[in-house]
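>>> Sequence and predicted structure are below.
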Amino acid sequence: MNHSITIKSGDVLLSGVLQYPTSDKDSRGSRKYPIVVIAHGFIGNRIGTDRLFVEAAERLTAQGYFVLRFDYGGCGESTGDYGSGGLDVLIEQTRTVLDYVSGLDLVDPERVTLLGHSLGGAVAVLTAARDARVKSLVMWAPVAHPYMDIRNIIGTKAIEEIDTVGKTDHHHYELTKRFTDSLAEFQPLTELRGYNGDVLIVHGTADTVIPVDYCFLYQKMFWLRKEGSCDKEVILQADHTFSSKAAREQTFDITVRWIEALGKRRNDWSLWTI
């Protein structure tokens, strides 16, 4: 069952969909279910390229998970202007979504996973470093250097226009200097130290948008923390949106198995300590 939702974040109305589990295999008799919150990337939406997030949600709900997909302000069906704010706004909107999740009676607050793709991966880790309600983190093809990575996507000419006149048009999105300045202010590779939960990173070798080398760099930095594990999976010939059927199935399999294994370990540990 899918339930359309609207979440107020400041002056913006975030449009989303809450998808219910189609099985109860992971409720463990508690009538409380795990949830995965999906954060899309730069000028994306909750559907995802080639329905990436729709298909991911279908797979997760079939395994007994709630899934919440939402559009950031100015994207998809949400109100607002995406490029007028900054990463701080995206982080705050993500935390507002977590507020909504915290109010769901059927959701287990100890099994909240935040899944971010591309720039959404950077936003996810920056959010997790600030919000202890994120119990586990999944990053698909994550941005590591926000300013440099987005500059490479929109081009140096667009950056020069922003620096000169204060804004530029990119695929009908007006990106402001406040937006690009904020990209330079946040450093996910450094700030990730504030998150002590477990992490999964999935990246493809054929990603021409965000270098696959980032997953190795991220894992190295996560390993420097005193707490929390970090697993990495590299998918051969997978592009930035895992567009081939084989790459997508592999990505979903890896993600579901990892979340399930993590939940089992936590449950076993809880039983052992009773």
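Thanks, I have it. Residues are numbered from 1 along each chain as shown.

>>> which residues make contact with stretch 172-185 from outside it?
43, 74, 81-88, 146-147, 150-151, 154, 158-159, 162-163, 166-169 (Cβ atoms under 8 Å, 6 or more residues apart in numbering). All C-beta spots, glycine's among them, are computed from the backbone N, C-alpha and C.

>>> which of those count as buried?
43, 74, 82-87, 146-147, 150-151, 154, 158-159, 162, 167-168 (16 or more other Cβ atoms under 10 Å).

>>> Which ones among these map onto helices?
Those of those mapping onto helices are 87, 146, 147, 150, 151, 154, 158, 159, 162, per DSSP state H.

>>> All the strands of the stretch 51-200 of the chain, in order from the start?
Under the criterion DSSP state E, counting those that start in this stretch, strands of the stretch 51-200 of the chain are mapped to 66-70, 107-117, 136-140, 167-170, 173-176, 198-204.

>>> Buried deepest among those strands, which one?
Ranked by mean neighbour count, the strands of the stretch 51-200 of the chain are led by strand 136-140 with a mean of 28 (mean count of other Cβ atoms under 10 Å).

>>> hmm, back to that, Throw the ones in helices among the buried ones among the contacts of stretch 172-185 into CSV and include pLDDT and distance to residue 237, thanks.
Output for these, formatted as CSV (pLDDT from 0 to 100; distance: Cβ to Cβ, whole Å):
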residue, pLDDT, distance to residue 237
87, 97, 31
146, 98, 27
147, 98, 29
150, 98, 25
151, 98, 27
154, 98, 26
158, 97, 30
159, 96, 31
162, 97, 35
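
>>> so where's the chain shaky on pLDDT?
Per-residue confidence for the chain (pLDDT under 70) gives these ranges: 25-30, 267-274.

>>> ok, residue 169 - contacts?
residue 175.

>>> before we move on, back to that, pick the one among the ones in helices among the buried ones among the contacts of stretch 172-185 closest to residue 225.
Closest to residue 225 out of these is residue 146 (20.6 Å), distances taken as Cβ to Cβ.

>>> how far away is the closest one from residue 244?
Look at residue 146 and residue 244: by Cβ to Cβ, to the nearest Å, they are 27 Å apart.

>>> same question, residue 173
Residue 173 sits at a distance of 28 Å from residue 244 (criterion: Cβ to Cβ).

>>> what bridges to the residue nearest the centre of the chain?
With distances taken as Cα atoms, centre = their mean, residue 116 lies nearest the centre of the chain, 1.4 Å away. Applying DSSP bridges to residue 116 gives these bridge partners: residue 39, residue 139.

>>> Surely it is in contact with residue 142?
Yes: the pair residue 116 / residue 142 is scored as a contact, 6.6 Å apart, by Cβ atoms under 8 Å.

>>> overlap in contacts of these two?
By Cβ under 8 Å, 6+ apart, the residues touching both residue 116 and residue 142 are 122, 124, 125.

>>> For the closest residue to the second one other than its chain neighbours, give me its contacts.
Taking Cβ to Cβ, 6 or more residues apart in numbering, and ignoring the residues beside it in sequence, residue 124 has residue 116 as its nearest neighbour in space, at 2.9 Å. Applying Cβ under 8 Å, 6+ apart, one finds that residue 116 lies in contact with 38, 39, 41, 122, 123, 124, 125, 137, 138, 139, 140, 142.

>>> do residue 10 as well
With Cβ under 8 Å, 6+ apart, residue 10 has these contacts: residue 92.

>>> Over to the one 4 residues further on?
In this structure, residue 14 makes contact with 6, 7, 8, 70, 71, 72, 73, 78, 93, 96, 97, judged by Cβ under 8 Å, 6+ apart.

>>> Residue 216: what secondary structure?
helix (DSSP: H, G, I helix; E, B strand; the rest coil).

>>> can you pull the contacts of it?
So residue 216 contacts residue 232 (Cβ under 8 Å, 6+ apart).
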